[in-house]
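In: My questions concern the predicted model and sequence given below.
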Amino acid sequence: MMNDCLGEEQTELVTAIAKKHLRIGTLKEQKSDRLDFHEVSVWELESALKEALHTGIDIGIEMTVNHVWREKLEEVSREL
């Protein structure tokens, strides 16, 4: 079951990674062992986890940079 605290964009991203690396079409429970359980290789799993990690790091860096620029812009605006 997907973590309910994830937003729609995050759920779509995780699902896209599962499709790309694990050949899993959906992460929604299908109530069928044949559909809910998948055999994947360790290298496929490693690849999916690495992409998820790198994506999270990239998003974190982008959010930090945007925050720093926003603070700097506000600082400069106050000085005007």
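Out: All right, it came through fine.
In: Going by residue numbers, what spans are helices in this structure?
Out: With DSSP state H, the ranges of helices along the chain come out as 8-22, 33-36, 42-79.
In: can you redo the ones you listed as JSON lines with mean neighbour count and mean pLDDT?
Out: For glycine as for every other residue, the C-beta is placed from the backbone atoms N, C-alpha and C. Output for the helices of the chain, formatted as JSON lines (neighbours: other Cβ atoms under 10 Å; pLDDT from 0 to 100):
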{"stretch": "helix 8-22", "mean neighbour count": "15", "mean pLDDT": "95"}
{"stretch": "helix 33-36", "mean neighbour count": "10", "mean pLDDT": "96"}
{"stretch": "helix 42-79", "mean neighbour count": "11", "mean pLDDT": "92"}
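In: Does residue 48 touch residue 16 like I think?
Out: No. If you go by Cβ atoms under 8 Å, residue 48 and residue 16 don't touch, sitting 10.4 Å apart.
In: ok, for residue 40, nearest residue in space, not its chain neighbours?
Out: Leaving aside its chain neighbours, residue 40 sits nearest to residue 22 (5.0 Å; criterion: Cβ to Cβ, 6 or more residues apart in numbering).
In: How about residue 51?
Out: The spatially closest residue to residue 51, leaving aside those adjacent along the chain, is residue 17, at 5.3 Å (Cβ to Cβ, 6+ apart).
In: Touching, that neighbour and residue 48? I think so.
Out: Yes. Using Cβ under 8 Å, residue 17 is in contact with residue 48, at 5.3 Å.
In: circling back to that earlier point, residue contacts, the residue nearest to residue 40?
Out: Residue 22 is in contact with 38, 40, 44-45, 48, counting by Cβ atoms under 8 Å, 6 or more residues apart in numbering.
In: can you do 10 Å?
Out: Contacts of residue 22 were listed using Cβ atoms under 10 Å, 6 or more residues apart in numbering, and they are 38-41, 44-45, 47-48.
In: And residue 30, by the same measure?
Out: Residues near residue 30 by Cβ under 10 Å, 6+ apart: 36-37.
In: What about the nearest residue to residue 38 once chain neighbours are set aside? Give its phi and psi, please.
Out: Of all residues not flanking residue 38 in the chain, residue 24 sits nearest, at 5.4 Å (Cβ to Cβ, 6+ apart). Main-chain torsions, residue 24, degrees, to the nearest 10: phi -110, psi 120.
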